[in-house]
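Q: Here is my input; please provide its structure:
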Amino acid sequence: MMYRKALIAGAIFAALAVITGAFGAHALKAVLPEQQLLVFETGARYQFYHSFALLITGIAYFSFPHKYLKIATNLFIIGILFFSGSLYVLPFLVNAGIKPGLAGIITPIGGLLLIAGWISLLAGIIRNK
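A: Predicted structure coming up:
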């Protein structure tokens with residue numbers, strides 16, 4: 001059986017990445033400077049990449065039903081929320097002259113969670129017998 005949570009999350013995050021990317025490309029061009037727009041677009045791009053990671057994880061669970069694939073799913077979800085979510089907020093804070101504060105700290109934590117998700121996915125595939 002495939003892992004439904006990963007598949008649902010992957011599909012939702014992918015759809016939201018397309019919406020967010022289109023919003024950034026069209027609506028935000030007039031609002032944000034180019035440098036801040038690039039930060040926003042990086043959030044959308046990494047969200048899209050990791051939406052595919054969730055879909056891969058959900059499908060891989062069919063052949064490799066290990067707890068590490070479920071852990072990878074959770075790490076990818078939280079990582080997307082932290083990493084991409086903070087990159088959606090940061091450009092607006094910077095543009096408004098507000099120090100990033102917590103949003104600036106959350107970005108690298110999200111990145112580490114995404115990396116841990118890939119490692120957990122690998123471990124689940126390798127350790128499954």
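Q: give me the number of residues near Ile8?
A: 13 (other C-beta atoms under 10 Å). Where you see a C-beta, it was placed from the backbone N, CA and C, and this is true even at glycine.
Q: ditto for Tyr3
A: Tyr3 - counted by other C-beta under 10 Å - has 21 other residues nearby.
Q: How much space separates it from Leu37?
A: The span separating Tyr3 from Leu37 equals 35 Å under the rule C-beta to C-beta, to the nearest Å.
Q: Equivalent analysis for Ser51, please.
A: In terms of C-beta to C-beta, Ser51 sits 21 Å off from Leu37.
Q: Tell me who's in contact with the residue most central in space within the chain.
A: Here the mean C-alpha position of the chain is nearest to the C-alpha of Ile80 (C-alpha atoms, centre = their mean), at a distance of 2.5 Å. Contact partners of Ile80, counting by C-beta atoms under 8 Å, 6 or more residues apart in numbering, are Phe13, Tyr46, Gln47, His50, Ser51, Gly110, Leu114.
Q: So which of these are in helices?
A: Counted as lying in helices by DSSP state H, out of those, are Phe13, Tyr46, Gln47, His50, Ser51, Gly110, Leu114.
Q: What score does the last one have for pLDDT?
A: Model confidence at Leu114, expressed as pLDDT, equals 98.
Q: next one: the fourth one
A: The predicted structure scores His50 at 98 on the pLDDT scale.
Q: what does the first one give?
A: Confidence per residue is given as pLDDT, and for Phe13 that number is 98.
Q: Pull the number of nearby residues for it.
A: 24.
Q: could you list every residue that touches the closest residue to it other than its chain neighbours?
A: Once flanking residues are discounted, Phe13 sits nearest to Ser51: 4.1 Å by C-beta to C-beta, 6 or more residues apart in numbering. Shown in contact with Ser51 (C-beta under 8 Å, 6+ apart): Gly10, Ala11, Phe13, Ala14, Ala17, Ile80.
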